[in-house]
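need a 3D model of the following:
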Amino acid sequence: MAEISASTVKEVRERSGAGMMDCKNALVEASGDVEKALEIIQKKGLAKAVKKAGRVASEGLVHSYIHAGGRLGVLVEINCETDFVSRNTDFKQFCEETAMQIAAMNAQYVKKEEIPEAALAKQKEIFEAQLKEEGKPQQAWPKILEGKIAKWSQEICLNDQPSIIHEGKTVEQLRTDLVAKIGENINIRRFVRWELGEGIEKKKEDFSAEVAKMAGGEA
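Presented below is the predicted three-dimensional model:
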């Protein structure tokens with residue numbers, strides 16, 4: 001068995017965030033190979049995260065993020081199991097990065113299970129109309145639609161979006177990594193995003209149309 005030096009354990013600890021004993025055990029299992037040890041830690045961490053998924057997370061933070069000189073704002077609620085973890089630096093950083101993700105990528109839902117059936121059906125209609133316009137053969141539609149719906153849901157669901165900060169990771173993967181590192185269940189529960197002036201023009205147009213309708217009726 002390869003001898004595991006303290007410096008190697010320290011390197012794995014700094015790169016993974018795992019405990020000293022977990023790092024040492026992973027290195028022993030990997031015969032001293034740092035990259036293999038990191039892979040072992042990740043796999044074990046993911047397994048632990050799955051086990052924690054059913055545990056109640058009712059503590060946490062409602063985090064706010066304001067961008068572009070007050071023209072864009074986000075509120076996001078992220079839950080953990082204990083008040084202690086809600087004060088953890090890594091947890092707070094995850095809250096901040098998640099809020100920035102929402103601000104930048106304008107997600108509409110946390111996960112695909114939240115997409116209403118009506119919204120899904122409407123989007124399918126739009127894609128079918130596009131395929132018809134493009135002259136795609138109807139027998140090929142089901143496969144094409146499946147791919148289009150999958151891509152669309154990835155774009156509008158926060159958990160499935162690629163992180164704007166951590167290349168090669170989705171928001172859900174970052175959440176799972178944090179669960180494995182901290183040792184508590186963590187959930188992104190809900191969020192809201194406001195952009196200055198959003199919807200005002202439409203309201204003005206609707207009001208003008210209503211006024212015109214009333215004036216015409218009186219005339």
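
got the phi/psi numbers for I188?
The phi/psi pair for I188 (degrees, to the nearest 10) reads phi -80, psi 110.

could you measure from the residue nearest the centre of the chain over to E133?
The centroid of the chain falls nearest to N159 when counting by Cα atoms, centre = their mean (2.8 Å). Per Cβ to Cβ, to the nearest Å, N159 is found 32 Å from E133. Where C-beta positions appear, they are placed from N, C-alpha and C, glycine not excepted.

so where's this structure uncertain?
1-2, 16-19, 44-57, 201-219 (pLDDT under 70).

quickly list the domain ranges of it.
With automatic domain parsing as the criterion, the domains of the chain are listed as 6-52, 59-197.

and the spatially closest residue to I165 that is not a sequence neighbour, how many neighbours does it have?
Closest residue to I165 apart from its sequence neighbours, by Cβ to Cβ, 6 or more residues apart in numbering: E97 at 5.4 Å. Applying other Cβ atoms under 10 Å, we find 18 residues neighbouring E97.

report the contact partners of E97.
Contact partners of E97, counting by Cβ atoms under 8 Å, 6 or more residues apart in numbering, are S163, I165, H166, L174.

the first one and M100 touch, don't they?
No - assessed by Cβ atoms under 8 Å, S163 is found out of contact with M100, at 9.7 Å.

quick one, strands of this structure?
Assigned by DSSP state E, the chain shows strands spanning 59-67, 72-80, 187-195.

for the second one, what is the distance to the chain centroid?
Okay, so that is strand 72-80. Relative to its chain's centre, strand 72-80 lies at 12 Å (Cα atoms, centre = their mean, to the nearest Å).

and the first one, by the same measure?
Per Cα atoms, centre = their mean, the displacement of strand 59-67 from the mean C-alpha position of its chain is 15 Å.

just the buried residues of it, please?
Neighbour counts over strand 59-67 (16 or more other Cβ atoms under 10 Å) mark G60, L61, H63, Y65 as buried.

what does the second one give?
Neighbour-count burial for strand 72-80, counted by 16+ other Cβ under 10 Å, picks out L72, G73, V74, V76, I78, N79, C80.

nearest to C23, of those?
C80 (23.6 Å; Cβ to Cβ).

so I66 makes contact with L72?
Yes - using Cβ under 8 Å, I66 is in contact with L72, at 7.2 Å.

quick one, helices of this protein?
Remark: helices assigned in the chain by DSSP state H are 6-16, 20-29, 34-52, 83-86, 89-105, 117-134, 141-156, 171-182, 200-218.

the fifth one vs strand 187-195, what angle?
Direction vectors for helix 89-105 and strand 187-195, defined by axes from the mean of the first three to the mean of the last three Cα atoms, to 10 degrees, enclose an angle of 40 degrees.

CA atoms of helix 89-105 as CSV?
Taking C-alpha atoms only, helix 89-105 is exported to CSV below (Å, rounded to 0.1, in the frame of the first residue of the first chain):
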residue,chain,number,x,y,z
THR,A,89,-20.0,30.7,4.5
ASP,A,90,-20.5,28.1,1.7
PHE,A,91,-24.2,28.1,2.2
LYS,A,92,-24.4,31.9,2.0
GLN,A,93,-22.2,31.8,-1.2
PHE,A,94,-24.5,29.3,-2.8
CYS,A,95,-27.5,31.6,-2.0
GLU,A,96,-25.7,34.6,-3.6
GLU,A,97,-24.6,32.7,-6.7
THR,A,98,-28.1,31.2,-7.1
ALA,A,99,-29.7,34.7,-7.0
MET,A,100,-27.1,35.9,-9.5
GLN,A,101,-28.0,32.9,-11.8
ILE,A,102,-31.7,33.9,-11.6
ALA,A,103,-31.0,37.5,-12.4
ALA,A,104,-28.8,36.6,-15.4
MET,A,105,-30.7,33.7,-16.9
